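**Student:** need a 3D model of the following:
(3 chains)
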Amino acid sequence: MSLIYVLDILGTFAFAISGALVASDKKFDLFGVLIIAFVTAVGGGMLRDVLINAHPINWIGDLNYLFVIFTAVVFTFLFKSKIAHLSKTMFLFDTVGISVFTLLGLEKGLSYDLHPIIALIMGMISAVFGGVLRDVLTNKIPLIFQKEIYASACLAGGITYLILNHFHIPENIIFIISASIIIIIRVIAVKFELELPKIKDDLFTKK
Amino acid sequence: MSLIYVLDILGTFAFAISGALVASDKKFDLFGVLIIAFVTAVGGGMLRDVLINAHPINWIGDLNYLFVIFTAVVFTFLFKSKIAHLSKTMFLFDTVGISVFTLLGLEKGLSYDLHPIIALIMGMISAVFGGVLRDVLTNKIPLIFQKEIYASACLAGGITYLILNHFHIPENIIFIISASIIIIIRVIAVKFELELPKIKDDLFTKK
Amino acid sequence: MSLIYVLDILGTFAFAISGALVASDKKFDLFGVLIIAFVTAVGGGMLRDVLINAHPINWIGDLNYLFVIFTAVVFTFLFKSKIAHLSKTMFLFDTVGISVFTLLGLEKGLSYDLHPIIALIMGMISAVFGGVLRDVLTNKIPLIFQKEIYASACLAGGITYLILNHFHIPENIIFIISASIIIIIRVIAVKFELELPKIKDDLFTKK
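**Tutor:** Residues are numbered from 1 along each chain as shown, chains lettered A, B, ... in the order given. Just a heads-up that it's a prediction; the model follows:
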């Protein structure tokens, strides 16, 4: 559990930096950068907790999220020009983040006795909605709707978790396997620029 | 009640298709289309339930919504080029959808002992907010704020419901009359391209 | 408390007019104007109450908000061309509004036994989020992220409140001092066009 918490914090840090970078590109002031970093980092878990009525919600119940986000914004202010060189590190943190967010969200859903499908959706909301909020607030169409296999990776990892969970495998092992699947799919997808199909043609399109 | 549930499902199906069509026009991938179909179909009821603290919220408490939305997205993928020819059928489903959503939302508000005005607003949120979310997430100004008498139809139907309810008329009859009013107003408004007034001139404008 | 309630209502009125003006500039119809006025005026308190699980939420628990917003919209319809001449009055109402919203939100947070930092954030959400929603729904990048020292004024006033509260000074006096700080900072900031720093340069930028 302690390791997972560390990974959760690392993911929060990476998400906050991703938000801060987008906001600073948009010429937001310090306050705007803080807000965007904040919603990117905790927006997914916040929506999940509101929807399943889990109070206190994530960042209200644990002040560490706020401290991590604040640190990430200060870090971005100080080292913005260097972060470009850290893009691989950031991508790693970010990918670890979405895998941990997905599985923690799913577990929280199950612990609230939700149907596994609903719990799976809660996992995906946890991982994905922060980025959606970031994009809506900066007036862009959410990236996730158009590109990156991001969400599919979360889905695959979540389904793996549920299947393994069904066979009563120890939780730690389930967590590691499922997280690895999310990370591997995402890395492969980004490396080979995989995309999901779009609705262009249908059964009646003449080829 | 069973008939109303069928209409609710039909409306959900129509809303999901409307969302899927907008998302596929924006070149969203499969995941993006699913999300937009989802928020369009259940976004209104979801917001209503969060605001009035009705847990489990709509789609968490009844998995059928998810199945209907999923079916609608598959249907859109397969038959996109044909749906244009079905536009009258879709408009009918959609119009039935908003009337049922409005009245079910209003009834839910009343069953939570809310003031009738608040319950009326809950009915309108149920009918309208899904489309607003769809438009915000696809980076458009929500259609409903600019055109179509849509919301006014819901309002008129909701007020009818409250008035008839005051006179203790049987619920089924109230439901049918109020739903008919919403449907009729919407059909007439679309047919004759009626619009609500805008704030252009005021008392001091010289004519 | 009664005076604070009057100021809360005045602030709600000013926020609703600010929303109605933005919406009418965007050529929204009457319904659209009402919605934007509504979310601008009560959106902040609504989000706060949902996040801290304070049901019934603000406008559900007190119908006066709805009446005030409705009045503000009618007022805007009738006197739109005159409101420009009232811009100083409106700015005053608006500034009083954010100071009262900030402090009432903070107090509500404390009364729910939240950590002072969380309560401070709740105060800022109360004051700021209505305008953010207004801008998102009219498809603009929220003003507050880019300009005006608005949020910093709320922050300074909120921190003042918490410090004075620590020394057990009577609540009325705390409220007056903290509100004055918010109002003074905002007025000075607008007068001298102060802005917060942006992330442009960092420690490694060569000058």
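
**Student:** which element, helix or strand, includes A:Cys173?
**Tutor:** Wrong residue type there; residue A:173 is Ile, not Cys. Using DSSP states H and E, A:Ile173 falls within helix A:171-192.

**Student:** which strands or helices does that helix pack on?
**Tutor:** Judged by 3 or more C-beta pairs under 8 Å, 6 or more residues apart in numbering or on different chains; DSSP states H and E, helix A:171-192 is in contact with helix A:87-111, helix A:150-166. Just so you know, the C-beta spots here come from the backbone N, C-alpha and C atoms, and that holds for glycine as well.

**Student:** and the last one, average pLDDT?
**Tutor:** It refers to helix A:150-166. Mean pLDDT, helix A:150-166: 91.

**Student:** please apply the same query to stretch A:66-78.
**Tutor:** Across stretch A:66-78, the average pLDDT comes to 92.

**Student:** tell me how far A:Ala41 lies from A:Val73.
**Tutor:** 10 Å (C-beta to C-beta, to the nearest Å).

**Student:** for chain C, what's its nearest residue on chain A.
**Tutor:** Nearest to chain C, among the residues of chain A, is A:Gly32, at 2.9 Å (C-beta to the nearest C-beta).

**Student:** tell me the first helix or strand C-terminal of the strand or helix carrying that residue.
**Tutor:** For A:Gly32, the host element (DSSP H and E) is helix A:30-51. Remark: after helix A:30-51, the chain's next helix or strand is helix A:58-61, criterion DSSP H and E.

**Student:** quick one: that following helix near chain C?
**Tutor:** Yes. Interface with chain C: helix A:58-61 contributes A:Trp59, A:Ile60 (C-beta under 8 Å from any C-beta of the partner chain).

**Student:** which helices and strands sit right next to that helix?
**Tutor:** Other elements packing on helix A:58-61 under the criterion 3+ C-beta pairs under 8 Å, 6+ apart are helix A:30-51, helix A:64-83.

**Student:** packed most tightly, which of the ones you listed would that be?
**Tutor:** Among the helices and strands packed on helix A:58-61, the stretch with the highest mean neighbour count (mean count of other C-beta atoms under 10 Å in any protein chain shown) is helix A:30-51, at a mean of 25.

**Student:** residue contacts, A:Ile83?
**Tutor:** Applying C-beta atoms under 8 Å, 6 or more residues apart in numbering or on different chains, we find A:Ile83 in contact with A:Ile17, A:Leu21, A:Thr76, A:Met90.

**Student:** look up how far chain B lies from it.
**Tutor:** For A:Ile83, the distance to chain B (C-beta to the nearest C-beta, to the nearest Å) stands at 27 Å.

**Student:** and what of A:Gly44?
**Tutor:** 13 Å.

**Student:** spatially nearest residue to A:Phe93, not counting backbone neighbours?
**Tutor:** A:Ala14 (3.4 Å; C-beta to C-beta, 6 or more residues apart in numbering or on different chains).

**Student:** show me the contacts for the one you found.
**Tutor:** Each residue near A:Ala14 by C-beta under 8 Å, 6+ apart is listed here: A:Met90, A:Phe93, A:Asp94, A:Val96, A:Gly97.

**Student:** isn't the second one right up against A:Phe13?
**Tutor:** This points to A:Phe93. Yes. Between A:Phe93 and A:Phe13 there is a contact under C-beta atoms under 8 Å: 6.5 Å.

**Student:** secondary structure element for A:Ile141?
**Tutor:** Judged by DSSP H and E, A:Ile141 forms part of no helix or strand.

**Student:** Three-state assignment for the residue lying closest to it once chain neighbours are set aside, please.
**Tutor:** Nearest non-adjacent residue to A:Ile141, counting by C-beta to C-beta, 6+ apart: B:Asn139, 4.6 Å away. Assigned by DSSP: H, G, I helix; E, B strand; the rest coil, the conformation of B:Asn139 is coil.
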